[in-house]
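Peer 1: the following comprises the amino acid sequence and a computationally predicted model.
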Amino acid sequence: MQQLFGFIYKNRSLFTFLLLLSIGFFLVFRFNDYPGAVYFHTSNQVSGQIVDSRQNLKDFFGLRDVNRTLADENARLRQALLTPIAVTAGRGLVTSQVAEALPGQFRFIPAKVINNSWNRFRNYLTLNKGAKDGLEPGMAVMGSYGIVGQVKYVSQNFATVVSLLYTDWEVSSTLASTGSNCSVSWQGIDPLQANVLYLPLHTDISVGDTVVTSGYNAVFPAGMPIGTVSGFEQTTDANFFDVTIDLATDFQSLRYVYVVENSYLPEQDSLQQLTDPAL
Amino acid sequence: MNLRSAPIQFVLALLYIVAQAYLGSQLVLFETAFTFLHVGFLLMLPFEVGPIALMLVGFFMGLGVDVFSDTLGIHAVAGTVMMFMRPGVVNILMPQGGIESGILPSLRMMGLSWYLRYALSLILVHHLVLFFLEAFTFRYFLHTFTQALASTVITFMAVVIIQLSFYRKKRI
């Protein structure tokens, strides 16, 4: 025993190193789903305040672009009001499938993006709305043109959102023209493009087709635009197309987003729980 | 201002973290070269600080930066590894006759050639750990490696600029 303590004492800096390293690796790989993780993200009060004030400073230089985007969106929405049904084509906020939603099912909470990254492999956004505005973990986030991500942590005034630009995350989606189910997954590096997985070879696909959310996982409402097909190819040994899409959302100029509250989510969840307890 | 007193170092560390959150994180060139100002603080810790204290400071400083960039644990690991290597690097680069007491590992006090080797090697270690842990794949090896190299250059320049502008010329 004496010798063991002696050994540890002699190599104490090596042991400290290994200890700190394992704590660090635990934080990186295991800690994200623990409740305490909320204090270690930009949504906590202190760091939220700081990124918020940083964004206020940056806003000074970008207001013109923000105004243009919002005016664009207003124009599209006015158009949608005038033409009740025929607004499904193109990069629209409203598509036919949203109309299938129950009345009052979705509530949109506007929020400002105060922190955003797109050049890492796992990207997050921070919003200036939090629990006191009705945000909850798991809610969908969308921008003027398409989906943005999903709320991960909330504090009283801020929220951290997992961006669509997050490798290993697959969003359940549909090819709008044929209704084929597929998944959208970002491969890292290029913030303008993502890949579509599991689209079988018999699918009638062409460049320019829209990929929208499927609505199956109850995170995103059905029919929200994700992107348009920019290219596809058939590799000889695969069962699926290799498809790349141009993302509908321009993450680099994203300033305002909408958090989508699905008021029927608990009901849907508990029903699914009944039929399949393993879910 | 005595750079050796612990409270001063603590305040300085907080300043560096805020500076990194406010300014450093926004300095990205060509989506490739990132700036990590807080590394400058870790490089500047006095020679007398022991290896365990170095690693603890590296870990907690990294954790502070992680909170602002939603990269929980990644900067903490990078800081720990960098500070684990620091005594070894200092040993290898030890000038003949040792280092006088009362000297900081800074550009002005140690000279350009010493500081280039010291700072660049440690920043490179820090960035390699940081970017590869962040990517956690060797699929984009060249991309990740380029990011680490480019960021090393940018971070080094930022660290030197901060040193020359904010640290006093005479010995402390």
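Peer 2: Yep, it's here.
Peer 1: going forward, measure contacts and count neighbours with C-alpha atoms only.
Peer 2: Fine.
Peer 1: can you list the residues of chain B near chain A?
Peer 2: B:21-22, B:31, B:51-52, B:55-56, B:59, B:66-74, B:76-77, B:80-81, B:84, B:134-135 (Cα under 8 Å from any Cα of the partner chain).
Peer 1: which of the residues you listed are buried?
Peer 2: Buried positions within these, assessed by neighbour count (16 or more other Cα atoms under 10 Å in any protein chain shown), are B:21-22, B:51-52, B:55-56, B:59, B:66-74, B:76-77, B:80-81, B:84, B:134-135.
Peer 1: could you find the closest non-adjacent residue to the residue positioned nearest the centre of chain B?
Peer 2: Nearest to the geometric centre of chain B sits residue B:39, at 2.1 Å (Cα atoms, centre = their mean). Distances taken as Cα to Cα, 6 or more residues apart in numbering or on different chains place residue B:123 nearest to residue B:39, at 7.2 Å, with adjacent residues excluded.
Peer 1: ok, now how distant is that neighbour from residue B:117?
Peer 2: Separation of residue B:123 from residue B:117 (Cα to Cα, to the nearest Å) stands at 10 Å.
Peer 1: ok, now residue A:11?
Peer 2: 27 Å.
Peer 1: what pLDDT does the model give residue 28?
Peer 2: All of this is about chain A. pLDDT, residue A:28: 81.
Peer 1: should've been chain B
Peer 2: Reading off the model, residue B:28 has pLDDT 81.
Peer 1: can you tell me the SS state at residue A:46?
Peer 2: helix (DSSP: H, G, I helix; E, B strand; the rest coil).
Peer 1: what about residue B:50, neighbour count?
Peer 2: 11 (other Cα atoms under 10 Å in any protein chain shown).
Peer 1: that older thread, am I right that the residue nearest to the centre of chain B is in contact with residue B:125?
Peer 2: No - judged on Cα atoms under 8 Å, residue B:39 makes no contact with residue B:125 at a distance of 11.1 Å.
Peer 1: nearest residue to the middle of chain A?
Peer 2: By Cα atoms, centre = their mean, the most central residue of chain A is residue A:149, 1.3 Å off.
Peer 1: against residue A:260, how distant is the nearest residue to that one once chain neighbours are set aside?
Peer 2: In space, and not counting its chain neighbours, residue A:149 is closest to residue A:163: 4.4 Å by Cα to Cα, 6+ apart. Look at residue A:163 and residue A:260: by Cα to Cα, they are 15 Å apart.
Peer 1: how about residue A:62?
Peer 2: From residue A:62 to residue A:260 the distance is 25 Å (Cα to Cα).
Peer 1: can you classify residue B:88 by secondary structure?
Peer 2: Going by three-state DSSP: residue B:88 is helix.
Peer 1: phi and psi next, for the nearest residue to residue A:117 once chain neighbours are set aside.
Peer 2: Leaving aside its sequence neighbours, residue A:117 sits nearest to residue A:123 (Cα to Cα, 6+ apart; 5.6 Å). In terms of degrees, to the nearest 10, the main-chain angles of residue A:123 are phi -110, psi 150.
Peer 1: how about residue A:123, what does it touch?
Peer 2: A:116-117, A:162-166 (Cα atoms under 8 Å, 6 or more residues apart in numbering or on different chains).
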